[in-house]
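# For reference, the sequence and a predicted model appear below.
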Amino acid sequence: MLFDPKPVLLEGRHVRLEPLAPSHAAGLFAASQDPGIWRWLPIPMFPAEEEVERWIDDALKLQASGAELAFAIVRKSDGVVVGATRYLDIRRPHRALEIGWTWLATAAQRTPINTEAKYLLLQHAFEVQGAVRLQLKTDERNEQSRAAILRLGAGFEGILRNYQTRVHDGYVRNTAMYSITATEWPAVKARLEAKLVR
């Protein structure tokens, strides 16, 4: 099985993950206008739709290089764009990648949307692409994100000290690292499916 993630539409009951495109800019700008969303992210809140357009352009350049694969998160009930997510750090020879750059509009948080989006990304990575490792990481101080990653069933691997400097404010963050392996995926899948049924 060739491990080479390409743009793909992933669809569940609650959410549709669409390959990121310039047409998503207006929806992403509308979804992004709560400063709380940006507290832990490496860039500041988008001040204008033009900044979203630049962000999408940068994401698509990284995608063209093979390094990342970006998605818009669309709520199926009304077709509204509610956030974004990506496969990052795609390491083809090692059949490994990361889920990251995930953010959601405030109204979409604490709903089935994030759980199902992660489920779709994990399922595609392990069952279609044949990944052997998938990692997730977050700011060491982001307790909400850390708890959410553990609820997925990921294993905590440790703290990477002084891992990343945020460009807009110079803060040097420690990063909490988590992973799920191919052998762990069946149990993680069952847990996520049970959560989505509830």
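Thanks, I have the structure now.

# host element of residue 147?
Taking DSSP states H and E as the definition, residue 147 sits inside helix 143-152.

# by contact count, what packs against that helix?
Packing partners of helix 143-152 (3 or more Cβ pairs under 8 Å, 6 or more residues apart in numbering; DSSP states H and E): helix 112-123, strand 133-139, strand 172-181, helix 185-197. The way it works is simple: take the backbone N, C-alpha and C, and place the C-beta from them, glycine included.

# at 10 Å instead, please
Contacts defined by 3 or more Cβ pairs under 10 Å, 6 or more residues apart in numbering; DSSP states H and E place helix 143-152 against strand 96-104, helix 112-123, strand 133-139, strand 155-165, strand 172-181, helix 185-197.

# pLDDT of the third one, averaged?
When you say that, I think you mean strand 133-139. Taken as a whole, strand 133-139 has an average pLDDT of 97.

# And the lowest mean pLDDT element among the helices and strands of this structure?
helix 143-152 (a mean of 93; mean pLDDT, DSSP states H and E).

# Alpha carbons of it, as PDB, please.
What follows is helix 143-152 as a C-alpha-only set of coordinates in PDB (Å, rounded to 0.1, in the frame of the first residue of the first chain):
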ATOM      1  CA  GLU A 143      -5.200  21.800  29.400                       C
ATOM      2  CA  GLN A 144      -8.400  21.700  27.300                       C
ATOM      3  CA  SER A 145      -6.600  20.500  24.200                       C
ATOM      4  CA  ARG A 146      -4.500  18.000  26.200                       C
ATOM      5  CA  ALA A 147      -7.600  16.500  27.800                       C
ATOM      6  CA  ALA A 148      -9.300  16.300  24.400                       C
ATOM      7  CA  ILE A 149      -6.300  14.400  22.900                       C
ATOM      8  CA  LEU A 150      -6.300  12.000  25.800                       C
ATOM      9  CA  ARG A 151     -10.100  11.400  25.300                       C
ATOM     10  CA  LEU A 152      -9.400  10.400  21.700                       C
END
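
# hang on, isn't residue 63 packed against residue 8?
No. With contact defined as Cβ atoms under 10 Å, residue 63 does not count as touching residue 8 (11.9 Å).

# re the thing from before, check which residues of the least confident helix or strand of the chain are buried.
The neighbour-count check on helix 143-152 (16 or more other Cβ atoms under 10 Å) flags 145-146, 148-149, 152 as buried.

# what sits up against the longest helix belonging to the chain?
Ranked by number of residues, the top helix in the chain under DSSP state H is helix 49-65. Under the criterion Cβ atoms under 10 Å, 6 or more residues apart in numbering, residues 5-7, 19-32, 43-46, 48, 67-72, 84, 86-88, 90, 101 lie in contact with helix 49-65.

# Pairing partners for the following helix or strand past it, with directions?
Using DSSP H and E, the helix or strand that directly follows helix 49-65 along the chain is strand 69-75. Here strand 69-75 is paired, per DSSP bridges, with strand 15-19 (antiparallel), strand 80-91 (antiparallel).

# centre of the chain versus the first one, how much separation?
Read that as strand 15-19. Computed by Cα atoms, centre = their mean, to the nearest Å, the chain-centroid distance of strand 15-19 equals 12 Å.
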